[in-house]
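> Give me a model of this one.
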Amino acid sequence: MQDLITAEEDAEHVEDRGPSSYSSSPITKLLEKRREMYDVNDVLETQKAKYANEEETFQKVEDDIRARDLHLQHQLVQYNKFLQDNEGKRRRAELRAGEEVHQIAIKGEEIKDMERELTESHRMHKELRQAVARNLRYKTFLELVRDSSEEFSEIQDILARYHTLEMANTDLRAAQSNLDGRAEEMRTKLSVYNKRKAMEILEATNRAASLQADLEDIEKRVMELDEEVKEASEEDAGLRLTLARIVASVENLFKRCTTQKSQTQHGSSIQEDEDADPSTGWGPAPQASRGTGLSQKQKAELEMQEYRKKTDCALKQLSSDERQLFYWFGDCLSHMRLYG
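Residues are numbered from 1 along each chain as shown. Got it, this is the predicted structure:
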């Protein structure tokens, strides 16, 4: 391979030399080629040495750079660790500072509470001193009571008596409060009862007024029925009087007709009957034949039937209460006629 490269380089040198080189011998050419080859080898070796030196230099530089890089990385790691340590220290310092601030606030609140308790204690101390100063008077009074009374030998007996009376007073007040509540409840019930009874009385009054109005209407109706009964009684009395006259006349005529034996007497009696008043049976009357008495009797019966029909129709037109009232009034009239 090296020979081929050398031959190619020799050929290139021959071409560069021009036409004069063709006159040389092959040995010269070979020598030239070898010389050129040596020159090229020298140049190549020089270049190789140069490249080797440069490579060694680059390797040293690379090693130096790698060493510096490692040193920088090591320093960077140390610096990062330093930063992390500082950050941890800062955080711990901030945490401690926050806790200290919190503790300071808590202690401040405790101090304020203690100051308030101290102020309250001073106030209570002052009040207790005032209470003691006031109670000294009671102590003096209780001692005077103990000395002046034979019932109590010690102040504690007086205080026990006082507590007993106070408990009794409390019980009495509780009982009074209970009784007041019960009284208020009873007043409420009484008010409700009065209202209910007032409503019942009002309803009863309204009902009584309604019944009174109904009674007045009934009395008015009774008065109207009394008027109708009076009118019916007067009409009935007139009809009864007329009927009695008719019946009396018919009976008189019938009696005269049956008691006459002879035709002369019968004629005279007929003449007398004709001269008699048919309504009363006496006095002058218009002329009539023998069949006149029978026709009057039939007429009386017909009038009686018509009267009964009218009476029945009038009774049917009346209501049950009015009919009973009519019968009652008729019974009263009958009793009045019997015992009058």
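
> contacting residues around residue 205?
Listed by CB atoms under 8 Å, 6 or more residues apart in numbering, residue 205 has no contact partners. C-beta coordinates here come from the backbone N, C-alpha and C atoms, glycine included.

> how close does it get to residue 194?
From residue 205 over to residue 194 the distance is 16 Å, taken as CB to CB, to the nearest Å.

> got it, and residue 302?
74 Å.

> try residue 103
Applying CB to CB to residue 103 and residue 194 gives a distance of 74 Å.

> The chain: helices as residue ranges?
2-17, 26-148, 155-259, 263-275, 291-317, 320-339 (DSSP state H).

> Serialize those helices to a markdown table and add fields for mean pLDDT.
Formatted as a markdown table, the helices of the chain follow (pLDDT from 0 to 100):
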| stretch | mean pLDDT |
| --- | --- |
| helix 2-17 | 47 |
| helix 26-148 | 89 |
| helix 155-259 | 86 |
| helix 263-275 | 47 |
| helix 291-317 | 63 |
| helix 320-339 | 54 |
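
> Now for residue 37, how many residues are close by?
Counted with other CB atoms under 10 Å, the neighbours of residue 37 add up to 20.

> no, scratch that, I was asking about residue 90
Counted with other CB under 10 Å, residue 90 comes out at 10.

> Residue 40 now?
Count around residue 40 with other CB under 10 Å applied: 15.

> I'd like the distance between it and residue 52.
From residue 40 to residue 52 the distance is 18 Å (CB to CB).

> again, but for residue 241
189 Å.

> Next one: the residue nearest the centre of the chain from residue 61, what distance?
Residue closest to the average C-alpha location in the chain (CA atoms, centre = their mean): residue 192, at 25.6 Å. Using CB to CB, residue 192 is found at 118 Å from residue 61.

> Also residue 90?
From residue 90 to residue 61 the distance is 41 Å (CB to CB).

> ok, now residue 32?
For residue 32, the distance to residue 61 - CB to CB - is 42 Å.

> Which one's more surrounded, those two?
Set side by side, residue 32 and residue 61 show more neighbours around residue 32, with 16 against 10, by other CB under 10 Å.

> what's the neighbour count on residue 93?
Residues near residue 93, counting by other CB under 10 Å: 11.

> Can you give me the domain boundaries for the protein?
2-88, 222-339 (automatic domain parsing).

> May I see the buried residues of stretch 147-157?
Buried residues in stretch 147-157, counted by 16 or more other CB atoms under 10 Å: residue 152.

> Just the residues contacting that stretch, thanks.
Stretch 147-157 is contacted by residues 139, 142, 143, 145, 146, 158, 161 when judged by CB under 8 Å, 6+ apart.

> Please export the C-alpha coordinates of it as CSV.
Output in CSV follows, covering the C-alpha atoms of stretch 147-157 (Å, rounded to 0.1, in the frame of the first residue of the first chain):
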residue,chain,number,x,y,z
ASP,A,147,-74.2,40.4,125.7
SER,A,148,-77.7,41.9,126.1
SER,A,149,-79.7,38.7,125.3
GLU,A,150,-79.9,35.6,127.4
GLU,A,151,-81.1,33.5,124.4
PHE,A,152,-77.8,33.6,122.5
SER,A,153,-74.5,32.7,124.2
GLU,A,154,-72.3,32.8,121.1
ILE,A,155,-72.2,34.8,117.9
GLN,A,156,-72.5,31.6,115.9
ASP,A,157,-75.9,31.0,117.5
